[in-house]
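J.: task: produce atomic coordinates for the following.
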Amino acid sequence: MADLSQFDPNAVGNPFNNIFGLPFSEDDARLVLLPVPWEVTVSYGAGTARAAEHICKASIQVDLFDQDGDQGWKQGFFMKDVDKKILMKSDYLRKEAELYIDYISKGEIVDKNKFMCKSMKDINEGSELLNQWVYHQTTALLGKDKLVGLIGGDHSTPFGFIKALADRHGDFGILQIDAHCDLRKAYENFKYSHASVMYNVLEEIPAVKKLVQVGIRDYSESEWAYISNSNYRVVTYLDKHIKERQFEGETWKHIVDEIVNHLPEKVYISFDIDGLDRKYCPNTGTPVPGGFELEEIFYLIRRISNSGRKLIGFDLVEIAVGQTDWDSNVGARCLWRLCNLLTHNNS
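T.: Alright, predicted model coming up:
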């Protein structure tokens with residue numbers, strides 16, 4: 001374990017240390033963060049592939065006192081280095097995807113263009129390789145009894161992690177904080193699209209017994225049909241309906257208790273930053289009006305933890321890099337709270 005006798009948590013953050021200026025190595029740390037610099041299939045704005053590096057830089061400014069779990073950091077948080085090969089692969093395939101999306105958006109037929117056929121094949125194969133990489137990385141960390149959090153990248157990135165958690169924990173549920181359902185089948189012909197991640201999870205990982213979505217405010221007819229025909233495997237709280245209930249006098253506590261009751265004993269948190277009001281994430285890839293205040297989400301996660309349920313991991317995705325550091329600063333503070341809640345819950 002790291003020697004903290006000379007570490008002052010009230011001092012200025014040391015940029016030569018790891019995430020949040022903490023003096024831990026991977027071996028010392030109870031919780032290890034895996035950055036996944038991947039944004040190949042994003043369908044609107046880009047910039048998430050480099051989020052982890054910017055979040056790490058911004059994290060030095062985060063004060064280490066957190067009433068949700070002030071001692072959590074003393075168990076050790078560590079972020080692995082960004083894998084430059086994955087980032088380069090993402091950059092290369094993203095350029096192909098941009099051309100492909102532009103082509104199909106004009107109504108062109110993919111089968112009539114050999115270059116576009118090859119691009120689609122390359123992108124799908126690249127996404128499968130990414131899923132395998134994430135699976136192997138997270139499986140290795142879980143095998144060392146580490147708590148694990150994943151930093152995206154787009155929302156396709158945690159698929160391999162969720163698969164690894166299924167191997168480790170058996171049955172569990174997912175709380176998805178998001179503006180979008182991500183239940184499209186092979187959106188834009190990309191099987192592992194960011195817009196398809198929860199569809200793929202439900203279709204390919206039977207250990208996920210429940211998906212509870214909160215904050216949804218942009219979804220397709222086919223996604224709503226999928227939810228309606230899921231026999232309550234998917235429970236979706238639309239942003240519109242949450243606000244209407246509050247307008248009519250219901251408290252957030254009452255709604256949160258209802259949400260928590262849908263979740264099984266073990267819970268994974270999938271936190272797409274666009275589930276928040278856009279003032280927190282102005283550069284996120286697919287912004288939608290509406291969304292939560294930050295404290296509403298952390299109240300919800302605290303209630304899950306306090307209910308006796310076990311938090312088994314999290315992802316934090318779709319944080320984009322803008323002209324200012326605002327998105328990264330919000331992301332760093334979200335990450336800090338998630339890390340403390342996860343370690344506190346598993347103490």
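J.: surely Asp154 meets Thr41?
T.: Yes - contact criterion Cβ atoms under 8 Å: Asp154 and Thr41 qualify, at 6.7 Å. C-betas here are computed from N, CA, C, even on glycine.
J.: what touches both of those two?
T.: Counting by Cβ atoms under 8 Å, 6 or more residues apart in numbering, the shared contacts of Asp154 and Thr41 are His194.
J.: tell me how far Phe7 lies from Arg309.
T.: To Arg309, Phe7 is 32 Å away according to Cβ to Cβ, to the nearest Å.
J.: just Glu265 next, same as before
T.: To Arg309, Glu265 is 6 Å away according to Cβ to Cβ.
J.: higher neighbour count, these two?
T.: Higher neighbour count among Glu265 and Arg309: Arg309, with 19 against 13, using other Cβ atoms under 10 Å.
J.: just confirm Pro35 is within a strand.
T.: Yes - assessed with DSSP: H, G, I helix; E, B strand; the rest coil, Pro35 lies in a strand.
J.: which residue ranges form the helices in the stretch 101-250 of the chain?
T.: Assigned by DSSP state H, counting those that start in this stretch, the helices in the stretch 101-250 of the chain fall at 114-143, 159-169, 197-204, 221-228, 239-247.
J.: which outside residues touch the last one?
T.: Just to be clear, that refers to helix 239-247. Ala179, Val214, Gly215, Ile216, Arg217, Trp252, Ile255, Gly290, Gly291, Phe292.
J.: filter those residues down to the ones in strands?
T.: Among those, the residues falling in strands (DSSP state E) are Val214, Gly215, Ile216.
J.: residues near Tyr100, how many?
T.: The burial count for Tyr100: 26, using other Cβ under 10 Å.
J.: any idea how far the residue lying closest to it once chain neighbours are set aside is from Pro158?
T.: Nearest non-adjacent residue to Tyr100, counting by Cβ to Cβ, 6 or more residues apart in numbering: Ser119, 4.7 Å away. According to Cβ to Cβ, Ser119 stands 24 Å off from Pro158.
J.: who's more crowded, these two?
T.: Applying other Cβ under 10 Å to Ser119 and Pro158 shows that Pro158 carries more neighbours, namely 32 against 21.
J.: any idea which element the residue lying closest to the more buried one once chain neighbours are set aside lies in?
T.: Closest residue to Pro158 in three dimensions, ignoring its sequence neighbours and counting by Cβ to Cβ, 6+ apart: Asp315, at 3.9 Å. Element membership for Asp315, per DSSP states H and E: strand 310-317.
J.: what does that strand rub up against?
T.: Residues contacting strand 310-317 (Cβ under 8 Å, 6+ apart): 48, 147-155, 157-158, 161, 165, 168-169, 172, 265-273, 301, 304-305, 331, 334-335, 338, 341-342, 345-346.
J.: quick check: Met79 touching Leu22?
T.: No - the pair Met79 and Leu22 does not pass the contact test of Cβ under 8 Å, sitting 9.5 Å apart.
J.: this protein: strands as residue ranges?
T.: 31-36, 77-79, 147-152, 172-177, 208-216, 234-238, 266-272, 310-317.
J.: mean pLDDT and distance to Thr139 for those - can I get that in JSON lines?
T.: Output for the strands of the chain, formatted as JSON lines (pLDDT from 0 to 100; distance: least, Cβ to Cβ, whole Å):
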{"stretch": "strand 31-36", "mean pLDDT": "98", "distance to Thr139": "11"}
{"stretch": "strand 77-79", "mean pLDDT": "98", "distance to Thr139": "18"}
{"stretch": "strand 147-152", "mean pLDDT": "98", "distance to Thr139": "10"}
{"stretch": "strand 172-177", "mean pLDDT": "98", "distance to Thr139": "16"}
{"stretch": "strand 208-216", "mean pLDDT": "98", "distance to Thr139": "17"}
{"stretch": "strand 234-238", "mean pLDDT": "98", "distance to Thr139": "26"}
{"stretch": "strand 266-272", "mean pLDDT": "98", "distance to Thr139": "15"}
{"stretch": "strand 310-317", "mean pLDDT": "98", "distance to Thr139": "12"}
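J.: same list, those strands, but as TSV with mean neighbour count and distance to Ile123 please.
T.: What follows is the strands of the chain, written out as TSV (neighbours: other Cβ atoms under 10 Å; distance: least, Cβ to Cβ, whole Å):
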stretch	mean neighbour count	distance to Ile123
strand 31-36	27	16
strand 77-79	25	27
strand 147-152	26	17
strand 172-177	25	24
strand 208-216	22	25
strand 234-238	19	27
strand 266-272	24	21
strand 310-317	25	19
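J.: nearest to Ser90, out of those strands?
T.: With distances scored as Cβ to Cβ, the stretch of the strands of the chain nearest to Ser90 is strand 31-36 (9.1 Å).
J.: could you list every helix and strand that the closest one packs against?
T.: helix 51-59, strand 77-79, helix 114-143, strand 147-152, helix 326-345 (3 or more Cβ pairs under 8 Å, 6 or more residues apart in numbering; DSSP states H and E).
J.: make it 7 Å
T.: Where contact means 3 or more Cβ pairs under 7 Å, 6 or more residues apart in numbering; DSSP states H and E, strand 31-36 is packed against strand 77-79, helix 114-143, strand 147-152, helix 326-345.
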